[in-house]
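Colleague: Provided below for reference: sequence and predicted model.
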2 protein chains.
Amino acid sequence: MRPEHPKTKTDILEKAIPLFAKSGFSGVSMRQIAKAIGMNAASLYHHFPDKQTLYVQAVQQAFASREFVLSEVLSMKIPVQEKLRLFVKRICDFMIDDPDFSRLIHREMLDGDGDETRLQLLADQVFHNFFSTVISLANELASDKDPHLLAMSIFGLIAYHYQTTPIRLFLPGAKPEHNDSEIISNHVISLLLQGLESKGNLK
Amino acid sequence: MRPEHPKTKTDILEKAIPLFAKSGFSGVSMRQIAKAIGMNAASLYHHFPDKQTLYVQAVQQAFASREFVLSEVLSMKIPVQEKLRLFVKRICDFMIDDPDFSRLIHREMLDGDGDETRLQLLADQVFHNFFSTVISLANELASDKDPHLLAMSIFGLIAYHYQTTPIRLFLPGAKPEHNDSEIISNHVISLLLQGLESKGNLK
DNA sequence: GTCTATAAAGGGATAGAC
DNA sequence: GTCTATCCCTTTATAGAC
């Protein structure tokens, strides 16, 4: 019986992405990837010369298939605070929609350290457009602050709440609703817009 | 010739910590650890029953040997903004002083996902005291905001700038001084205290 | 407490049939 | 394009000498 569903490169990469996101490059074997796809490990070598190449292409595909589209928000005729609100909500939705994506980013920042081509890929394919847009907004919002640092703060503030989701329940003061995207985005927006000075806590 | 410097468990763990911080559990072999120490891989099994145990104890040691001491700041007779300043500066110093520590935290949040005992360890040994103190400060600073979310935001805001250090140079608007701890802590403090409203950017 | 030697399993990768 | 079979190396872990 001949195989009924020959697998394309894309099919293979799609199945490999969640595995690499969960366990990293050295935590996943070619045999495991093959098993997840339902094919033999040897067949993977028909599509990719080696594991490293498969991995890099999986990361590329994960990064290319999703895009932070924020630039349209930037050109809307709405107050800049409203733009910030939309930015934050979109980034939050993004984190929820594709947890593998943010895990891979997270992992590449850890594992890619020292490998400049991997970091460059991450920077160019994932961050560049997105980050430029956040920088533009940062300039509109607070021209006196360093735009790069401010953009990083905005993104990091959101990303960290999602990164820490698994451990949150074990931390003091945690409540189930702290994992709710609406709650997180409202918290981030109010912190960014008002800082800690709301309601006259500080004199 | 007898071995001149019998190694203690602690010696072994100290050498293993940076390796695991750099490459993760499955990225480091017992041989590599043994080599770093200057002993034979088989000898490691005299001190630890298996690799998993060695890893867990290395993480425990890394987490136990350093502590965020912030509680004394909390009881100082200074304005709450000054307490925040001290908190942020200390956390920044911490990130700089022991990059392995923050890499391990970072890694455990990724790899410990699904393993409740590992996350519990991280939460209890690393975060509990520290996080409780930040929550107390958060209450002093802005009693109208959720203390847990605010504590997470304060820590995440700082941690993210250090997490992204390796990739920062590839991102738009990056300058060498963005890796300077003084610059980062000043940025974070001003963002937290003033939000984006400084100098009347927003009406 | 450390070593050499080795077992047993799993890893990446290739050859060749279909 | 996928399979079986296999090579060769590395890995974890153990046994036993010193």
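Modeller: Ah, there it is. Numbering: from 1, shown residues only, chains lettered A, B, ... in the order given.
Colleague: check which helix or strand covers A:I33.
Modeller: For A:I33, the element it lies in under DSSP states H and E is helix A:30-37.
Colleague: and the next element down the chain from that helix?
Modeller: Note on helix A:30-37: by DSSP H and E, the next helix or strand toward the C-terminus is helix A:41-47.
Colleague: how about that next one and DNA strand C, touching?
Modeller: Yes. Among the residues of helix A:41-47, A:A41, A:A42, A:Y45 lie within reach of DNA strand C under C-beta under 7 Å from any atom of the strand. In this view, the C-beta of every residue, glycine as well, is placed from N, C-alpha and C.
Colleague: picking that back up, just the CA trace of the helix holding A:I33, in PDB.
Modeller: Extracted in PDB, the C-alpha atoms of helix A:30-37 (Å, rounded to 0.1, in the frame of the first residue of the first chain):
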ATOM      1  CA  MET A  30      14.100  13.600  14.500                       C
ATOM      2  CA  ARG A  31      12.200  10.400  15.500                       C
ATOM      3  CA  GLN A  32       9.800  12.400  17.700                       C
ATOM      4  CA  ILE A  33       9.100  14.800  14.800                       C
ATOM      5  CA  ALA A  34       8.500  12.000  12.400                       C
ATOM      6  CA  LYS A  35       6.200  10.300  14.900                       C
ATOM      7  CA  ALA A  36       4.100  13.500  15.300                       C
ATOM      8  CA  ILE A  37       3.700  13.700  11.500                       C
END
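Colleague: give me the buried stretch members for it, please.
Modeller: Neighbour-count burial for helix A:30-37 flags A:M30, A:I33, A:A34, A:I37 (criterion: 16 or more other C-beta atoms under 10 Å in any protein chain shown).
Colleague: break chain A down into its domains, please.
Modeller: What automatic domain parsing lists as the domains of chain A is A:9-63, A:66-200.
Colleague: give the rounded mean pLDDT of the shortest one.
Modeller: When the per-residue pLDDT values of domain A:9-63 are averaged, the result is 97.
Colleague: same question, stretch A:158-165
Modeller: Mean pLDDT, stretch A:158-165: 96.
Colleague: and chain B, is it touching that?
Modeller: Yes. For stretch A:158-165 and chain B, the contact criterion (C-beta under 8 Å from any C-beta of the partner chain) is met by A:A159, A:Y160, A:H161, A:Q163, A:T164.
Colleague: go on, stretch A:96-109?
Modeller: Yes. Residues of stretch A:96-109 are located near chain B by C-beta under 8 Å from any C-beta, namely A:R103, A:H106, A:R107, A:M109.
Colleague: what is the helix or strand hosting the second one packed up against?
Modeller: This points to A:H106. A:H106 is part of helix A:99-111, with elements assigned from DSSP H and E. Counting contacts by 3 or more C-beta pairs under 8 Å, 6 or more residues apart in numbering or on different chains; DSSP states H and E, helix A:99-111 is packed against helix A:9-23, helix A:51-64, helix A:80-97, helix A:116-121, helix A:147-163, helix B:99-111.
Colleague: so after the fourth one, what's the next helix or strand?
Modeller: Spelled out, that is helix A:116-121. In N-to-C order, the element after helix A:116-121 by DSSP H and E is helix A:128-141.
Colleague: distance from that following helix to the middle of the chain?
Modeller: Helix A:128-141 has its C-alpha centroid displaced from the chain centroid by 17 Å (C-alpha atoms, centre = their mean, to the nearest Å).
Colleague: which positions in chain A make contact with DNA strand C?
Modeller: Residues of chain A lying close to DNA strand C (C-beta under 7 Å from any atom of the strand) are A:V28, A:S29, A:M30, A:R31, A:Q32, A:A41, A:A42, A:Y45, A:P49, A:D50, A:K51, A:Q52.
Colleague: does the helix holding A:I33 come close to chain B?
Modeller: No. Counting by C-beta under 8 Å from any C-beta, chain B is not contacted by helix A:30-37; separation bottoms out at 11.9 Å.
Colleague: ok, now stretch A:142-156?
Modeller: Yes. Using C-beta under 8 Å from any C-beta, we find that stretch A:142-156 touches chain B at A:142-153, A:155-156.
Colleague: picking up where we left off before, for the helix holding A:H106, which positions count as buried?
Modeller: Neighbour-count burial for helix A:99-111 flags A:F101, A:S102, A:R103, A:L104, A:I105, A:H106, A:R107, A:E108, A:M109, A:L110, A:D111 (criterion: 16+ other C-beta under 10 Å).
Colleague: and if you look at stretch A:163-172?
Modeller: Within stretch A:163-172, the residues scored as buried using 16+ other C-beta under 10 Å are A:Q163, A:T164, A:T165, A:P166, A:I167, A:R168, A:F170, A:L171, A:P172.
Colleague: would you mind measuring the gap between the ends of it?
Modeller: 17 Å (C-alpha to C-alpha, to the nearest Å).
Colleague: before we move on, the earlier item: any idea how far the helix holding A:I33 is from the chain center?
Modeller: Using C-alpha atoms, centre = their mean, the offset of helix A:30-37 from its chain centre is 24 Å.
Colleague: angle of it against helix A:51-64?
Modeller: Angle, helix A:30-37 to helix A:51-64, by axes from the mean of the first three to the mean of the last three C-alpha atoms, to 10 degrees: 40 degrees.
Colleague: give me the contact list for helix A:30-37.
Modeller: Contacts with helix A:30-37, where a contact means C-beta atoms under 8 Å, 6 or more residues apart in numbering or on different chains, come from A:K7, A:D11, A:I12, A:K15, A:A16, A:L19, A:N40, A:A41, A:S43, A:L44, A:K51, A:L54.
Colleague: circling back to that earlier point, what mean pLDDT does the helix holding A:H106 get?
Modeller: Averaged across helix A:99-111, pLDDT comes to 94.
Colleague: burial of the closest residue in space to A:I158 that isn't next to it in sequence, as a residue count?
Modeller: Nearest non-adjacent residue to A:I158, counting by C-beta to C-beta, 6 or more residues apart in numbering or on different chains: A:I91, 5.0 Å away. Residues lying near A:I91 (other C-beta atoms under 10 Å in any protein chain shown) number 22.
Colleague: sounds good, over and out.
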